[in-house]
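**Student:** this is the structure alone, sequence omitted:
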């Protein structure tokens, strides 16, 4: 991984006669200073993308266990070299991905069925009591954006 602060961690699946188990994250393995503040699950339809967008203050911890996704990350922080990385993640390559503020990110479901993604961001969406501005800079509707699939 070459984009500073972006971390990918392969996840292991432990199977037995009851089914399987995957540790999503461990407090003793989180990046320095990162603590999840909330969690959510989203389901994305085949062929559909979420993003690209970035956060000013928030770090995301995405967990890809289901389906087949392309995860895109673009360096967009001042003073950093532009970069664009694409990672195949999902059921065949389970992965936890930390994306820091200023790194534009998006993922597209490239499988043939709806699939879920978990996120454990370190900020509350819209702040305490949902009373603050949402910490997102969206690039989806900018036709001149360099953040294209």
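**Tutor:** All right, it came through fine. Keep in mind that this is a model prediction, so the values were computed, not measured.
**Student:** for residue 97, see how far away the residue at minimal distance from the centre of the chain is.
**Tutor:** By Cα atoms, centre = their mean, the chain has its centre lying nearest to residue 62, at 3.8 Å. Distance, residue 62 to residue 97, using Cβ to Cβ, to the nearest Å: 5 Å. Any C-beta I mention is one placed from the backbone N, CA and C, and that applies to glycine too.
**Student:** give me the common contacts of these two.
**Tutor:** By the contact definition Cβ atoms under 8 Å, 6 or more residues apart in numbering, residue 62 and residue 97 are jointly contacted by residue 71.
**Student:** and residue 148, that one's in a helix?
**Tutor:** No: counting by DSSP: H, G, I helix; E, B strand; the rest coil, residue 148 is not found in a helix; it is coil.
**Student:** list the residues that contact it.
**Tutor:** Per Cβ under 8 Å, 6+ apart, neighbours of residue 148: none.
**Student:** now do it, the pLDDT please.
**Tutor:** As predicted, residue 148 sits at a pLDDT of 91.
**Student:** residue 31 now?
**Tutor:** At residue 31, pLDDT is 89.
**Student:** check residue 28 too.
**Tutor:** We note a pLDDT of 95 for residue 28 in this prediction.
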